[in-house]
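Sequence unavailable; structure follows:
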């Protein structure tokens with residue numbers, strides 16, 4: 001029997017065989033409408049297709065309507081001009097969707113946006129990420145006109161405010177940075193004999209209080225900053241025979257304790273600040289032959305350990321502070337031919353690594369601290385004609401980048417630390433008269449901006465690092481070196497710090 005078509009009684013449903021020059025086609029019509037066609041190379045389905053089991057296609061498939069698969073699908077190439085719905089498993093080598101993507105409200109979005117699902121709705125979000133930072137000057141602020149920035153040495157940023165310690169002004173300056181392009185001084189506090197701000201060297205902020213270490217006063221000052229326009233001294237502590245605050249250089253606060261290094265005491269002091277109006281020394285550690293605290297200049301605390309660098313010992317000291325009343329040295333590392341620790345000047349810790357800036361080595365040293373009893377140098381970077389590390393004096397780390405200021409180069413250096421064994425300089429900024437980087441000292445990074453203070457320029461410099469922002473982000477797990485919440489944070493389970 002040889003037929004080119006089979007037709008039903010009323011003539012509107014048929015199977016038709018069409019013979020062409022190069023191929024043969026089998027066409028299926030139903031109710032007078034072509035629903036499918038088959039050739040040796042292609043299957044064309046003109047209506048919705050639903051399969052309750054497995055759909056396997058070894059060639060190409062074009063569906064001009066809907067494709068619904070309740071089982072699994074394995075297709076080399078599929079083109080769907082309407083809806084694709086798969087309830088099982090789908091393996092597609094090539095997929096072409098001939099349709100327009102819209103969000104929950106029917107919006108097509110704009111170029112560069114990503115369609116994000118919350119589980120109950122979808123929304124377009126703008127994503128703009130710069131893979132490596134830039135370093136652009138956007139604004140600065142200089143001493144004078146009611147400001148107290150003479151000899152600016154230390155800076156700390158929290159929210160919309162930067163807090164500066166100025167050693168020549170013997171003062172504490174609050175700066176509004178809500179508009180980074182236009183920083184504005186809003187409040188200050190100057191030493192008056194009743195305060196411990198003579199030679200104010202460093203500042204740390206936690207909540208409504210700022211904590212200042214003052215090298216000339218050999219002291220520690222607590223300042224109430226609940227009203228940024230009117231900071232107020234509320235408590236202080238001065239060096240004595242039982243404390244290690246002579247030449248107080250740096251301060252770090254964690255919970256109810258402040259940790260201060262005394263450069264002239266070659267020591268480390270723990271201070272109870274649970275009552276900000278009455279800080280009390282509770283534990284200390286003095287240099288010895290087994291420690292590296294001679295010329296202690298900076299301290300960073302993470303968990304149960306404090307990390308101190310000393311520029312006379314050219315060293316890095318790990319201290320166990322699990323008992324604040326009895327800090328104990330557990331591991332150290334001193335300069336050697338393969339390290340960059342000569343006159344170690346600053347330290348920052350993130351995860352299993354400590355990052356040190358060394359002013360005599362004009363270098364940057366990465367130290368593995370996964371074993372606190374045995375810190376190990378793993379990577380370093382030394383100044384050359386392409387870098388700004390001459391007199392490296394301060395360091396701040398955020399994510400995969402370290403930010404270093406250099407007092408001799410009057411510069412700001414960004415370093416890629418994604419591979420801790422091989423840090424690489426990626427961009428820098430040098431003082432040119434229009435900037436406030438002469439004798440660049442303290443640095444703090446928050447979000448897309450770095451904030452630097454310069455001692456000779458008596459200034460405050462804002463540096464743009466590039467746009468690195470995602471809006472409306474729903475994440476199951478988030479790992480971040482620092483987190484700033486400008487509006488509201490809600491934790492539905494628990495927060496472990």
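Yep, that arrived. All figures in this text were calculated on a predicted structure; none of them were measured in a lab.

Next, count neighbours for the spatially closest residue to residue 389 that is not a sequence neighbour.
In this structure, residue 389 finds its nearest non-sequential neighbour in residue 383, 3.7 Å apart by C-beta to C-beta, 6 or more residues apart in numbering. Where C-beta positions appear, they are placed from N, C-alpha and C, glycine not excepted. By other C-beta atoms under 10 Å, 22 other residues sit near residue 383.

One more: residue 216?
Close neighbours of residue 216, defined as other C-beta under 10 Å, add up to 16.

hmm, back to that, can you pull the contacts of the residue nearest to residue 389?
With C-beta atoms under 8 Å, 6 or more residues apart in numbering as the criterion, the residues that contact residue 383 are 362-363, 389-390, 392, 406, 409.

run the last query once more with 6 Å
Listed by C-beta atoms under 6 Å, 6 or more residues apart in numbering, the contact set of residue 383 reads 362, 389-390.

ditto for residue 352
residue 370.

ok, it to residue 318 distance?
Residue 352 sits 13 Å away from residue 318, going by C-beta to C-beta, to the nearest Å.

what do you get for residue 413?
26 Å.

So if I had to pick from the two, which one is more boxed in?
Applying other C-beta under 10 Å to residue 413 and residue 318 shows that residue 413 carries more neighbours, namely 30 against 23.

returning to what we had before: for the residue nearest to residue 389, give its distance to residue 424.
Taking C-beta to C-beta, one finds residue 383 at 14 Å from residue 424.

Same question for residue 324.
As judged by C-beta to C-beta, residue 324 and residue 424 stand 38 Å apart.

neighbour-wise, which of those two wins?
Comparing residue 324 with residue 424 by other C-beta under 10 Å, the one with more neighbours is residue 324, at 17 against 13.

Got the phi and psi for that one?
phi -60, psi -20 (degrees, to the nearest 10).

does the closest residue to it other than its chain neighbours have beta-bridge partners, and which?
Nearest non-adjacent residue to residue 324, counting by C-beta to C-beta, 6+ apart: residue 270, 4.8 Å away. Legend: beta-bridge partners of residue 270 under DSSP bridges are residue 259, residue 283.

still on that earlier bit, make JSON lines from the contacts of residue 383 and add pLDDT to it.
Listed next are the contacts of residue 383 as JSON lines, based on pLDDT from 0 to 100:
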{"residue": "362", "pLDDT": "95"}
{"residue": "389", "pLDDT": "96"}
{"residue": "390", "pLDDT": "96"}
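
Which member of those residues is positioned nearest residue 169?
residue 390 (26.6 Å; C-beta to C-beta).

So that closest one: helix, strand or coil?
With DSSP: H, G, I helix; E, B strand; the rest coil as the basis, the three-state label of residue 390 is coil.

can I assume it is in contact with residue 408?
Yes: at 4.2 Å, residue 390 and residue 408 qualify as touching, with contact defined as C-beta atoms under 6 Å.

Extract the residue ranges of the stretch 101-250 of the chain that are flagged as low pLDDT.
For the stretch 101-250 of the chain, residues meeting the criterion pLDDT under 70 lie at 101, 111-115, 117-120, 124-132.

Where do the strands of it begin and end?
Assigned by DSSP state E, counting those that start in this stretch, the stretch 101-250 of the chain shows strands spanning 113-117, 122-129, 136-142, 152-158, 161-166, 171-176, 184-190, 200-206, 209-214, 219-224, 232-238, 248-254.

what about residue 361, which SS state?
Residue 361 is classified as coil under three-state DSSP.

how about residue 465, what does it touch?
Residue 465 sits next to 133, 448, 450 when contact means C-beta under 6 Å, 6+ apart.

Was I right to think the first one contacts residue 416?
Think residue 133. No: between residue 133 and residue 416 there is no contact under C-beta under 6 Å: 9.0 Å.

Those two: who's more crowded?
The neighbour comparison of residue 133 against residue 416 (other C-beta under 10 Å) goes to residue 133, with 23 against 17.

residues in contact with that one?
If you count contacts by C-beta under 6 Å, 6+ apart, residue 133 has them with 401, 414, 465-466.

again, but for residue 216
Contact analysis of residue 216 by C-beta under 6 Å, 6+ apart lists 198-199.

can you count the residues close to residue 139?
Neighbour tally, residue 139, other C-beta under 10 Å: 17.

Relative to residue 392, how far out is the nearest residue to it once chain neighbours are set aside?
In space, residue 139 comes closest to residue 462 once its chain neighbours are excluded; the distance is 4.5 Å by C-beta to C-beta, 6+ apart. Remark: distance between residue 462 and residue 392 (C-beta to C-beta) = 21 Å.

And residue 429, by the same measure?
Distance, residue 429 to residue 392, using C-beta to C-beta: 14 Å.

Between these two, point out the one with more neighbours.
residue 392 (35 against 23).

What residues are bridge-paired with that one?
residue 406.

Give the full set of residues in contact with it.
Taking C-beta under 6 Å, 6+ apart, one finds 357-359, 404, 406 in contact with residue 392.

Can I get those in JSON lines including neighbour count and pLDDT?
Output for these, formatted as JSON lines (neighbours: other C-beta atoms under 10 Å; pLDDT from 0 to 100):
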{"residue": "357", "neighbour count": "31", "pLDDT": "97"}
{"residue": "358", "neighbour count": "29", "pLDDT": "96"}
{"residue": "359", "neighbour count": "22", "pLDDT": "95"}
{"residue": "404", "neighbour count": "31", "pLDDT": "97"}
{"residue": "406", "neighbour count": "28", "pLDDT": "97"}
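
With respect to residue 103, which of those residues is nearest?
The nearest member of these to residue 103, counting by C-beta to C-beta, is residue 404 at 43.1 Å.

so that closest one makes contact with residue 413?
Yes: counting by C-beta under 6 Å, residue 404 touches residue 413, with 4.6 Å between them.

Would you confirm that residue 301 contacts residue 250?
No: applying C-beta under 6 Å, one finds residue 301 not in contact with residue 250, separated by 11.0 Å.

Out of these two, name the residue with the larger neighbour count.
Between residue 301 and residue 250, counted using other C-beta under 10 Å, the more crowded position is residue 250 (26 against 20).

Pull up the gap between that one and residue 263, please.
For residue 250 relative to residue 263 (C-beta to C-beta), the value is 9 Å.

Residue 189 now?
Distance from residue 189 to residue 263, by C-beta to C-beta: 23 Å.

Likewise for residue 169?
20 Å.

Looking at the two, which is more packed in?
residue 263 (25 against 22).

Contact partners for residue 177?
For residue 177, the contacting residues are 162, 183, by C-beta under 6 Å, 6+ apart.

what about 8 Å?
157, 160-162, 183, 449, 451, 462.

Check residue 280 too.
Residues counted as contacts of residue 280 (C-beta under 8 Å, 6+ apart) are 237, 271-272.

give me the number of residues near residue 278?
Counted with other C-beta under 10 Å, residue 278 comes out at 13.

Give me the spatial nearest neighbour of it, chain neighbours excluded.
Nearest residue to residue 278, sequence neighbours excluded (C-beta to C-beta, 6+ apart): residue 235, at 5.6 Å.

ok, the one you found - contacts?
Contacts of residue 235 by C-beta under 8 Å, 6+ apart are 221-222, 273, 275-279.

Which one of these sits in the busiest neighbourhood?
For those, neighbours tallied by other C-beta under 10 Å; top is residue 221, 29 neighbours.
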